[in-house]
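[1] structure here, sequence nowhere to be found:
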């Protein structure tokens, strides 16, 4: 789940990545995919803040959650999936001393066992240190 304090980090990273690798003129054009696992919690908070009754909030969140789960919402999934040429990265964003929850650790184990990379990202510079060398090498070699 992206905590409110982590949104600024994710946003900075998204802006950098999209401006550097995702524009229509980029060759290859990469993809940044947000996994909105926290959407029901955000909707709940907004409804409560607007004074909607608990009974109505619970009905709305119940229906929303059922639909999301039925269509593939995966608890513990990384905050972002980054699609690079010939490589997919799963990135969980954390700040300070925040650690992964158990379902996030289990998701990490699942995707790494399938041969994908999983990273816990704590700064824009860390994300750049993973992506820039890979993309530079890809541009040089085509692999």
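    Nice, thanks for sending it over. Only a predicted model underlies this, so the values are computations on that prediction, with no experimental measurement involved. Residues are numbered from 1 along each chain as shown.
[2] which residue ranges make up the domains of this structure?
    4-35+76-141, 38-73 (automatic domain parsing).
[3] now the first one: average pLDDT?
    Per-residue pLDDT values across domain 4-35+76-141 average out to 95.
[4] ok so, going back, and the domains of the chain, which is most packed in?
    Ranked by mean neighbour count under mean count of other Cβ atoms under 10 Å, the domains of the chain are led by domain 4-35+76-141, which reaches a mean of 15. C-beta here means a position set from N, CA and C on the backbone, and glycine is covered the same way.
[5] how distant is that domain from the center of its chain?
    7 Å (Cα atoms, centre = their mean, to the nearest Å).
[6] secondary structure element for residue 45?
    Counting by DSSP states H and E, the element that carries residue 45 is helix 39-49.
[7] which residues are contacting that helix?
    1, 54, 56-57, 60-61, 64-65, 68 (Cβ atoms under 8 Å, 6 or more residues apart in numbering).
[8] again, 10 Å this time
    1-2, 4, 36, 38, 52-54, 56-58, 60-65, 67-69, 73 (Cβ atoms under 10 Å, 6 or more residues apart in numbering).
[9] and stretch 15-25, by the same measure?
    Under Cβ under 10 Å, 6+ apart, the answer for stretch 15-25 is 14, 26, 28-32, 80, 82-85, 91, 124, 127-128, 131-132, 135.
[10] go through these and flag which are in helices.
    14, 124, 127-128, 131-132, 135 (DSSP state H).
[11] which non-adjacent residue is nearest residue 65?
    residue 40 (5.0 Å; Cβ to Cβ, 6 or more residues apart in numbering).
[12] now do the same for that neighbour: its pLDDT.
    Reported pLDDT for residue 40: 86.
[13] okay, it and residue 30: tell me how far apart.
    29 Å (Cβ to Cβ, to the nearest Å).
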